[in-house]
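Q: The sequence and its predicted three-dimensional model are supplied below.
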Amino acid sequence: MKLNDPFGRVSRRQQQTYAALCARLKQQGVNDIASVQTFVARVRILAFGSVIGVIAVTLILTAVLPTLGGLIGVLGILALIWLATSYLQTRMYLRRYLKEECRDA
């Protein structure tokens, strides 16, 4: 029994998410090291573009609505934190997929 996840809910949810990602990758034909690396590069570009987009939208909204600048800034930071955690979790799942599913080194 873990203190930070006593009933195993988080680990079950993470396993379900990983299984869904595996099924999706297999459905798209991502099953060797080269295709996984291509997918990782695409995810990295998408994440970078999303970060730039969130920053741009936050700055534009702050310029247009200066009275709400604090709220907009906080929401922008929360969006960036969400993007960062999603990216890191996806990268962790892709490393696991590469290690478990792609054996042709």
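A: Ah, there it is.
Q: When you work out contacts or count neighbours from here on, use the C-alpha atoms and nothing else.
A: Noted.
Q: elements contacting the helix or strand harbouring Gln89?
A: Counting by DSSP states H and E, the element that carries Gln89 is helix 69-101. Contact partners of helix 69-101 among helices and strands, from 3 or more C-alpha pairs under 8 Å, 6 or more residues apart in numbering; DSSP states H and E: helix 9-27, helix 33-64.
Q: Of those helices, which shows the lowest average pLDDT?
A: Lowest mean pLDDT within the helices and strands packed on helix 69-101: helix 9-27, at a mean of 87.
Q: residues of that helix that come out buried?
A: Tyr18, Leu21, Cys22, Leu25 (16 or more other C-alpha atoms under 10 Å).
Q: of those, closest to Ala47?
A: Ranked by distance to Ala47 (C-alpha to C-alpha), those are led by Leu21 at 16.9 Å.
Q: How about that closest one: what's its closest non-neighbour residue?
A: Tyr93 (7.9 Å; C-alpha to C-alpha, 6 or more residues apart in numbering).
Q: The one you found and Ala20 touch, don't they?
A: No - counting by C-alpha atoms under 8 Å, Tyr93 sits too far from Ala20 to count as a contact (10.6 Å).
Q: re the thing from before, so which of the helices and strands packed on helix 69-101 comes closest to Gln89?
A: Of all the helices and strands packed on helix 69-101, helix 9-27 sits nearest to Gln89, with 9.4 Å by C-alpha to C-alpha.
Q: Does anything pack onto that closest one? Which helices or strands?
A: Using 3+ C-alpha pairs under 8 Å, 6+ apart: helix 9-27 touches helix 69-101.
Q: same question for the helix it packs on, mean pLDDT?
A: 93.
Q: Counting neighbours, which bits of that helix end up buried?
A: Buried residues in helix 69-101 (16+ other C-alpha under 10 Å): 69, 72-73, 76, 79-80, 83, 87, 90, 93-94, 97-98.
Q: ditto for stretch 38-52
A: Neighbour-count burial for stretch 38-52 flags Val40, Ala47, Val51 (criterion: 16+ other C-alpha under 10 Å).
Q: With Tyr87 as the reference, measure out to Gln27.
A: 21 Å (C-alpha to C-alpha, to the nearest Å).
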